[in-house]
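>>> compute the structure for the input listed below.
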Amino acid sequence: MSQNRFLLPEPVGKLLSLLPAYPGSMLFATGLNLALKSDLPEDVQQSLNGKRLRISVTDARLSFDFTWQNGRFAPCARNAEPDLTIGACAYDFMLLARREEDPDTLFFSRRLSMEGDTELGLLVKNTLDAIELPVFELGKLAPARVLGRIRPGGRGQA
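As a prediction, the model looks like this:
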């Protein structure tokens, strides 16, 4: 099966590339705070402090720039070069988030790229590997009263 089968179509990437970068970075940083902030050890927080990171979704032509400061992830404007850029297509990022693919496998098959501070890249990888799943569990991200509305059979459903 061709890897290209899982890439977003070129016209979709062109359309997404027209979106302003900062709002996406703000949403991405907010998601990271909800999903990961409470699971980051103090030593990792200190190592991340002030570092600029970029997630580049290559087929979507989107990048999310963020940093760790004042005990949280915060969006950054794209006015400076990041310390670390991690890039892959949307599908491969989804596989990583769901832990269906190993980052090393994607890296050595050239489906995941890492540019910049390699020590920082290893810190990020090892930290994510050490966090217990599921980090993106809906119950952790939204109050139960909201989830009841979106769950099948939940109260408040129309």
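>>> starting at the chain centroid, how far to the longest helix along the chain?
The helix that spans the most residues within the chain, counting by DSSP state H, is helix 21-36. The chain centroid and the centroid of helix 21-36 are separated by 8 Å under C-alpha atoms, centre = their mean, to the nearest Å.
>>> and E101, what does it touch?
Listed by C-beta atoms under 8 Å, 6 or more residues apart in numbering, the contact set of E101 reads D92, L95. In this view, the C-beta of every residue, glycine as well, is placed from N, C-alpha and C.
>>> can I take it that it is in a helix?
No - according to DSSP: H, G, I helix; E, B strand; the rest coil, E101 belongs to no helix; its state is coil.
>>> could you report the distance from it to S109?
Distance, E101 to S109, by C-beta to C-beta, to the nearest Å: 10 Å.
>>> do the same with K125
As judged by C-beta to C-beta, K125 and S109 stand 16 Å apart.
>>> tally of neighbours for the spatially closest residue to E132 that is not a sequence neighbour?
Nearest residue to E132 in three dimensions, chain neighbours excluded: D39, at 7.7 Å (C-beta to C-beta, 6 or more residues apart in numbering). D39: 14 surrounding residues under other C-beta atoms under 10 Å.
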